[in-house]
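Participant: This is a predicted model, with the sequence first.
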Amino acid sequence: MKIAVVCDLHLPLLKSAAQYAVLDWMVQNIQDEKADLTVVAGDVCAGGDLEALEYYLEKTSALNQLFLLGNADIRDPLSREEILSKYNQSRAMDFCGHRIVGISMPYTAFTEEDKALLSDCRDGDLVFMHHNFDALKEESRAFFADILARKSLLVIHGHKHMEMESSIGKTKLIGVAGLDPDKAKGLPCVTYFEFDKNGFTKYNRYFEIDKSAVEDVLGHIGISCFHPETDIDYAVENNIKNIEIQLRKDADLERFDILKEKVAHWRKNGGTYLSCHLPELRLTDGVLQGTERWYKAIELLSELKPDGVTVHVPRAQIKDMLVDGTYWRMYLTHFTKGLKTLPPHTKIGIENLHMVKGHNTNDAERLFGIVPEECLMWIDALNVYLGENRVGALLDVGHATNNSVLRERYPRSVWYEIMGKRLVAYHAHQVARVPEGLANHHAISDWLGMTISYASFFWAWQNKRINHVPVFLEMQNKENCDISIKALKAMLD
């Protein structure tokens, strides 16, 4: 008997996103492997969308399938009850001489029906569920621990997006990595369990990324120079062809003559693409702050003849950014007055922002520019006011991650699809979990690691869904750049 286990696909609504390519591959792979049964261990869709879930079921209708829910499958309150009533069913069945128990787990607590099924388990039974043991609520965890200590079972689960293995008593618990190219640790995979009289063997089949895509990304790697005087020297020493200079502080502008010399030295040594990060204009109590620094930075830039510039979307709250409202027009006036003086060849990249602590995703007080549509609205408005199509997007991959529940509606794969042909550059970094949420600008020690996997980025690059433009490592510590570049090169071994 061969069982294919799939989980954590997280289908978004946008059907051109990478997850749908993984789905197509998954179905073909399971058919090629001739699995007798496919167990879906939850989280088929990203935001609890009934449309995405039913699309999955239609695409997999040819598979012999045991379907179980996970927490992501009920995220949308508008479709939650319908999904629960149609698809939330725990059950036990005899299959190919084995007893299989499937626990549908949209929540982290067992129902009374779940407890009855688990209590009836016999030694040798196979138990499938979405949540891992530690994710269960205390009462359910204690109940399950008692079952596992007394019986010899095999428990297989998803949820953690990485492979795991542990034991409780005679029971073995195995976690599988799953299929989401935005989240899975390592490449998305289907995990197979092949059973015979001697037990089972486990192996993975992976959704592959072409190494030529990784190599091409490596050729576009650059660094963001938070400390220009020393960081440009680092770029020269390490033969880095693309740099982005941060001009957001007064100190950066005051030492501009030294900066010019450094840039000239970098160019002389093979530097090819220079971008500059402009200071922000901030709306505070109805007054736009930072205009003097803004115009000063743009005036100095003409001497550097940059290939590109980066500027954040207006740092203002949603309630203040009504299209053609007072503050919208105020920002447009200063943006266009400054940007139109840049050299004609200079690409202008508008960078997305991210949620900040204390703001709810639905609040009018949250920042503007944390979803793709808001960024595109601003880009389009600038192009109209400038009278030419010279403004595109700079996608900060980390910022697209730090958006609370909105990152489920807009996973990175969706950002790539929506912004793809408008992109002029990227900011790449890893994020770390801290008590306040997610912290940016950490080293990418594993480009297929957690919390940000770049598998969907490589897929989008490989399939020309996104533009092949500079990828700036936005990290203040250049040791983190070293780590990130070495990790990228290691993918080619």
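Facilitator: Now that the structure is in, tell me what you want to look at.
Participant: Break this protein down into its structural domains.
Facilitator: Each domain of the chain is listed here as a residue range: 2-206, 211-490, per automatic domain parsing.
Participant: Out of the ones you listed, which gets the lowest mean score?
Facilitator: Lowest mean pLDDT within those: domain 211-490, a mean of 93.
Participant: Just the strands from the stretch 1-150 of the chain, written as ranges.
Facilitator: Along the stretch 1-150 of the chain, counting by DSSP state E, counting those that start in this stretch, strands occupy 2-6, 37-41, 65-68, 91-95, 98-103, 126-129.
Participant: how about a markdown table for these, with mean neighbour count added?
Facilitator: Where C-beta positions appear, they are placed from N, C-alpha and C, glycine not excepted. Below are the strands of the stretch 1-150 of the chain laid out as a markdown table (neighbours: other Cβ atoms under 10 Å):
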| stretch | mean neighbour count |
| --- | --- |
| strand 2-6 | 24 |
| strand 37-41 | 25 |
| strand 65-68 | 22 |
| strand 91-95 | 12 |
| strand 98-103 | 20 |
| strand 126-129 | 24 |
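Participant: Out of these, the one nearest Met475 is which?
Facilitator: strand 2-6 (34.7 Å; Cβ to Cβ).
Participant: tilt between that closest one and strand 98-103?
Facilitator: 10 degrees (axes from the mean of the first three to the mean of the last three Cα atoms, to 10 degrees).
Participant: Each with direction, which strands does strand 2-6 pair with?
Facilitator: Each strand paired with strand 2-6, and its direction, by DSSP bridges: strand 37-41 (parallel), strand 189-196 (antiparallel).
Participant: which parts of the longest one are buried?
Facilitator: Buried residues in strand 189-196, counting neighbours by 16 or more other Cβ atoms under 10 Å, are found at Cys189, Val190, Thr191, Tyr192, Phe193, Phe195.
Participant: residues near the closest residue in space to Val44 that isn't next to it in sequence, how many?
Facilitator: Leaving out its chain neighbours, the residue that sits closest to Val44 by Cβ to Cβ, 6 or more residues apart in numbering is Tyr56, at 4.8 Å. By other Cβ atoms under 10 Å, the residues close to Tyr56 number 23.
Participant: Contact partners for Tyr56?
Facilitator: Contacts for Tyr56 (Cβ atoms under 8 Å, 6 or more residues apart in numbering) come out as Leu9, Leu11, Leu23, Val44, Cys45.
Participant: before we move on, the earlier item: if we only consider the buried residues of strand 189-196, which is nearest to Asp396?
Facilitator: The nearest member of the buried residues of strand 189-196 to Asp396, counting by Cβ to Cβ, is Cys189 at 28.1 Å.
Participant: Helix or strand next in line after the strand or helix carrying Asp252, which one?
Facilitator: Secondary structure from DSSP states H and E places Asp252 in helix 250-254. With elements assigned by DSSP H and E, the helix or strand that comes after helix 250-254 is helix 256-268.
Participant: Tell me which other helices or strands that following helix touches.
Facilitator: Packing partners of helix 256-268 (3 or more Cβ pairs under 8 Å, 6 or more residues apart in numbering; DSSP states H and E): helix 228-237, strand 242-246, strand 273-277.
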